[in-house]
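Q: Provided below are the primary sequence and the corresponding predicted coordinates.
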Amino acid sequence: MIKYIFRRLIYLIPVMIITSFIAYMLVYLSPSSPAQIILKARYTSEPTQEQVEDFNEEYGFDKPILVQYTSWLNKAMHGDLGKSLTDGSDVLEDFIYSFIASAKLYFSSQLLALLIALPIGVYSAFKANSLFDRFSRAYSLVGISLPDFWLGMVLVYIFSIMLNILPSFGYTSPKNLILPMLALGLSSSFSLIRLVRTSVLEVLHLNYIRTARSKGLGEGQIMMKHALRNAMIPIVTVLGIHLTHFIGGAVAIESMFAWPGLGNFFAKAASSQDIPVIQGFVLLSAIFFIIANLIIDIICKQLDPRIDFHNESGKNNG
Amino acid sequence: MKFGMKSLLCFCLAALMMVGFVGCSNVGASSKTEQTELKVAYGKDTGVASEKGNGDMLLTIFAGERLVEVVDGEVVPSIAESWEVKDSGKTISFKIKEGLKFSDGSDLTAKDVKLKFDRNIATKNTSWTEVDRIEKIEVADDYTINFYYKDGMDGYVALAGFAEYGNTIVSPNSFQTPGDPTTPMVKFIGSGPWKVADYVKDQYTTFVPNENYSGDPVKLEKITVSMIKDDEARVLAIQSGDVDAVVDYYHGGSAYTPRNLLSSLKEEGFQVLKQEMPMTTVLAFNYTNNEAWKNLKLRQALNYAINKDEISGLFDGWISPANDAYFSDCSPYTTALGKQSYKYNPEKAKSLLTEAGITGFSPKMIVNSENADEVKLAELLQSMLKESDINLQLDVMDATKYAEVKKTADWDLCSYYIGGPERRIYSRNEGRFDKTAPEFGSSGCFTSDTIAASVQKAVDPFDEKERKAGFKEFYAAIDAETACVPLYYDAVFVVANEGVEGVEFIGSEPRFDQVTYKK
Amino acid sequence: MKKEKLLEVEQLNIKFTTSIGDVNVSDNINFTLNKGETFCIVGESGCGKSVVALSLTRLLPENAVINGSVKFEGFTISDLDDKEFAKIRGQKIATIFEQPMSCINPVMRIGEQIAETYRANFKCSKKEAKLQALKKLEEVKLPANRYNAYPHELSGGMQQRVMIAIALACNPQLLIADEPTTSLDVTVQYQILELLQELKEKYHMTILMITHDMGVVHDMADRIGVMYAGNMMEIAERDAFFKQPLHPYAQELLNVVKDPCHYTIPGTVPNLMEIFSGCPFEPRCQKATEMCKTYKPENSVRDERMVRCLNVIPN
Amino acid sequence: MGNNLKTGLVLIFVLAAIVFAGPLIAPYDPFEVDMSVRLQGISLAHIMGTDQLGRDLFSRLIYATGTSVKISLVVVAASMTIGFIFGSVAAFLGGAVDEFLMRIIDVFMAFPTKIFTIAIAGVLGASAFNITLALIFTSWASYARMVRGCVLTAKQLPFIDASVALGANRRYTIVKHVLPSVFQPLSTFAFQRIAHTMMMIVGLSFIGLGVQPPTPELGAMINESKNFMTTAPHLFVFPGLLISYVVFSFNILDDSLRDYWDPRIKSELVL
């Protein structure tokens, strides 16, 4: 197990190098120099040629790409991800700040989604083809067709504009969390209902459920102890894949509710060509993504003892 | 279809679910009571801590002061009690008020003033601060500071530059290494009416009265400025009662209250305070790269082809159309009401185009996507110009690309602005119409020798009468040569709850020093 | 010696309703199980024997329609509602299935699965259930340290032992064994059968065994039922059956056993969606007459022997 | 089961009409400004009201749907082609080539696509072209992996070896038998991706990283409508409903096609 984790973490290194290099190249595909936009933001006016040259020299943008990249990589290895070009704040600190904001939104909304989807999905599978099942399937099918940001706008329209009881944006008070959480949670719940239903339904057809029934277990026990536990394996796997929502998937919702999460943070950095931030962000989220996948794998292992880490190639994390 | 009904039912269910989340509602106060705190929504971070910058203008207005201010086109004293212009303008000597203190209690002396200018020079913060005009700064004594100017860089425009917010004087203790202006600014200690009590980057800044302020003390006990980046979100914030006011400052078109929301805000009972600026949004020609624009008839045709009243309609009439002249009445030394030199006339535009020998004209306009109003304006222009058989091509792009494309020949028209908030009218007009000016940069408006000469006469003289005559000549010159197409006169707005009283506009920008608030 | 009847099945009809039509898998089946005996139902794959077995404990999918009466110890259990019926499952009638790997919950420790059965039927503490489970593990000859193993860590034979331990957790009176050895190695098969035999004797259980393996039948059965296409073709005592099978189908089955390399029954098992006007075996029957095509044979019974064929009368 | 397929086909047919025959259906020129009727609600003249420049919302929505759907189709078609080439090359050639290609695919799959898309769109500048490019860039890898898997499975099918053993040309056999077996899963996958891509496009346009005005686009229209939520809610309601309609059509088609091709799978949405 520890060996497995170690091997997976070793795999981080090439992915980190490749993704950060791609990110670096990406910035140089850009038609414009970062100096232009960043200086303009800094001084609220068109920068002069002198300012631009000075800026490039200071941040080393006048050197060849590879030299820049290796020196950045060297610093990154030592935990120094540099400073934002726009406001000089520490990239790592900024990332952690947005990370916490994203985590609040993501985990609360996923919890909400699970709270909605689990009972509906399980009951739907249990009473397959019943009226309730048809209803919940239609509900989730319509639901997954709604864009999350639009759902957010509808919520804002109802709660902030019509009823005027919830703030429509912001981050400071716990009340601010409610609407973005609802928007994201509801929109994730739709696909989750479908997932829970199919997973449970699939499990319910398996032989060991018949065995459980033959033992004289009650339907409730069968559902909780046998069906759900097995059905949770694909659900957890998919939830793990959904972790991408954490790193930018909620960008529309975040921008809509002015939530200072990772998506918002990254979109801002990308459009202002804040190279150290883009770089650091790509690197940190690649690390996060791989670690998150690893955690999900370990959780799956807990849920499913059949998974054997030793026979599995550490390279394959898709 | 069978599931048509069902999806409908689902929507109802979803709606019911949503309504189901309704919690408790606010209990409104019945009688009005005097408030001690005001909550303000603002679109930018105040930048209390910054590596190279000087803090956002809201911060410098609230918590800082400058040597001078510009009011009604005139430079007036602030930290400087008086000044003396020597060597026919090449030296300006300021006499600083005695007894001024920073908010941390330390004294404000000429040394501290020099420190700020040293910082701007060291960090190359030359935009609008006019520090690149300066040859040398000399502290004569504790309360006297002399600025020596480079050849040809002097003039009234240089003096007005001291009112720029980038030249706000801060305490040496504001820097990471106190007294070293090249180190990052870690806190903002100024001499303004307010001081910063609390600051969370990109979230909020809290201001409390600065007890060391030399002027009239502020009336409120606290102002919290929430940073809400999204324009619509700021409006929703005041509608939902999370803030008491939404404030614009002039930021070159970003972070302002969407104009087309003002009417509905007014209807909902909010106060909408407007301050017109001596600034005009114009359509600029890319004449440096495209020869075609050197034809006066073509420039005039564009001017006749645009219906400025409809542009005003885009903003629900909250912005005045530039029908009268290139600048509104609040610009220095102008009374241009009713001049109407280029009244909307598509027929005339067409005939001018024919005269110029141009058919099937399809100019390309570049638009910065970050400014939603600019995009809408461009779409409106596109449909308007069709009336005069001009087929306007739009290319909407983000700010980065926009800045890049703007330097090339790959565009014909863009939205631009001339003049500015009061502190910038001298340098901006010089920068727009005189190629030799430091602010001219990569692209000014159309200019000619006549225009350039006239703008110098307007911004250079220290003598008011000379300046006035210069401005008249300048206004006439750009009008005669159709330097650009004036579209509308810009303004800044403050939207506030009913009980908010006493918002002042000084040098085009709103101030909350004397504000009281009853709720 | 008067034999005491444990299970009486009368007029059992089962059909599956599917989107493409009904499938009749059991056509008026009657048989009884005597206490303490092993009754084997034998037949080719796809003739409905497993369905009959599963129907007794209502483990069929929801689209199965079951008609007929099932009496257990004199009570008509086919009239019970699902909740009451659940009390019989596990406690009175237990089932073991083929492919033990897929029939044991892969994510639960095997010991817990055995203990769970006990706890589901008798009120007791977890500790008590665990003791019972350990005892059962010992009875099926699995070491006690396997209590915490997961199913995938065991071999096929061991998994079937676990299955048996689960089934026997509550000492049921009737054990339904649905092809218990089909997916196992020959040597393992033998061990499992031996174990079943041993436990049967120890607990005086009755076993209903479903199999297509005549060897197993020969070793285990006291009485034999031959099924074909949803019909019970013949029921006989073991010795009598092997001495002289009466039904042509039973004879063919034995022919295959005698010469497995060269002999096959001509034709294939019919599609159960067909409705037979005559004898379902008629198309493959070498002794068929014109009559067999039009007339459905009735059960003819003498002594302990039953046969369903127009051409054969039990003697 | 058939009903769902029929429903899906009808919805897609209507959608195709909107996308490809839009100019014939639209009652107004979607770019025609009329400031005298700006921000009007639903009326007989303008069945979905007008926007802030007085343009007919219904006509604009028809064009906007066309924009969004066409980009989705281009993205899916292009990434499917690239994925098909890479995937089948990897699977057929095997060995070092396969290993190398798989590592590239792994890197592309290891990173959240949305972040990459934002990065590309943000850095290259927002435009319809760049967003198409960004989406192709980030989505081809999943097609490649899928095609590779299908080809590998099909290559191992016994009848391939059998027909080779019987003297058939190996390459011919593979092309004749293996490629068709990729087609079915690939096309269901593609339908599913159209809906997904559509969501990505409207989402990115919503945050201003997608299609730019004056081209009407659904996500961008919703973004513009934020200003008018209180005064003209029809501006955000209708585009949202239209997005759901498009996504719903592709989803239901995807589901019912999967049932149609593979009836063994328990039907997901018998409504």
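A: Sure thing, it's come through.

Q: center of the chain - which residue?
A: This is for chain A. residue A:246 (1.9 Å; CA atoms, centre = their mean).

Q: The intended chain is chain C.
A: So for chain C, CA atoms, centre = their mean, it's residue C:210, sitting 3.2 Å from the centre.

Q: any idea how far that residue lies from residue A:290?
A: Per CB to CB, to the nearest Å, residue C:210 is found 51 Å from residue A:290. Yep, even glycine has a C-beta here, placed from its N, CA and C like the rest.

Q: does stretch A:163-182 come close to chain B?
A: Yes. Stretch A:163-182 is in contact with chain B by CB under 8 Å from any CB of the partner chain, via A:163-172, A:178, A:182.

Q: which one of those has the most neighbours?
A: The member of the residues of stretch A:163-182 next to chain B that has the most neighbours, counting by other CB atoms under 10 Å in any protein chain shown, is residue A:168 with 29 neighbours.

Q: that older thread, need the mean per-residue confidence for the helix or strand encompassing the residue nearest to the centre of chain C.
A: Taking DSSP states H and E as the criterion, residue C:210 maps to strand C:206-211. If you average the pLDDT over strand C:206-211, you get 91.

Q: how far does the longest helix along chain A sit from the chain's center?
A: Scanning chain A for the helix with the most residues, using DSSP state H, yields helix A:91-126. How far helix A:91-126 lies from its chain's middle: 9 Å, per CA atoms, centre = their mean, to the nearest Å.

Q: Give me every residue in chain D lying close to chain B.
A: Residues of chain D found near chain B (CB under 8 Å from any CB) are D:3, D:7, D:31-33, D:35, D:38, D:52-53, D:122, D:125-127, D:208, D:212-214, D:224, D:226-231, D:271.

Q: Let me know the secondary structure of the residue in the stretch 151-300 of chain B that chain D sits nearest to.
A: Closest to chain D within the stretch 151-300 of chain B is residue B:232: 4.2 Å, counting by CB to the nearest CB. Three-state call for residue B:232 (DSSP: H, G, I helix; E, B strand; the rest coil): helix.

Q: Over to residue C:8?
A: strand.

Q: go on, residue C:128?
A: On the three-state scheme (three-state DSSP), residue C:128 is labelled helix.

Q: And it, how close does it get to residue C:134?
A: Counting by CB to CB, the gap from residue C:128 to residue C:134 is 11 Å.

Q: Then residue B:306?
A: For residue B:306, the distance to residue C:134 - CB to CB - is 93 Å.

Q: Just want to know which of the two has more residues nearby.
A: More crowded of residue B:306 and residue C:134, by other CB under 10 Å: residue B:306, with 26 against 18.

Q: on that earlier part again, going toward the C-terminus from the strand holding residue C:210, what's the next helix or strand?
A: Later in the chain than strand C:206-211, the nearest helix or strand by DSSP H and E is helix C:214-220.

Q: ok, the residue lying closest to residue B:469 once chain neighbours are set aside - contacts?
A: Closest residue to residue B:469 apart from its sequence neighbours, by CB to CB, 6 or more residues apart in numbering or on different chains: residue B:457 at 7.1 Å. For residue B:457, the contacting residues are B:466-467, B:469-470, B:473-474, by CB atoms under 8 Å, 6 or more residues apart in numbering or on different chains.

Q: What subset of the residues of chain D next to chain B is buried?
A: D:7, D:31, D:33, D:35, D:38, D:52-53, D:122, D:125-127, D:208, D:212-214, D:224, D:226-230, D:271 (16 or more other CB atoms under 10 Å in any protein chain shown).

Q: How many neighbouring residues does the residue in the stretch 151-300 of chain A that chain C sits nearest to have?
A: Taking CB to the nearest CB, chain C has its nearest neighbour within the stretch 151-300 of chain A at residue A:216, 2.9 Å off. By the criterion of other CB under 10 Å, residue A:216 has 26 neighbours.
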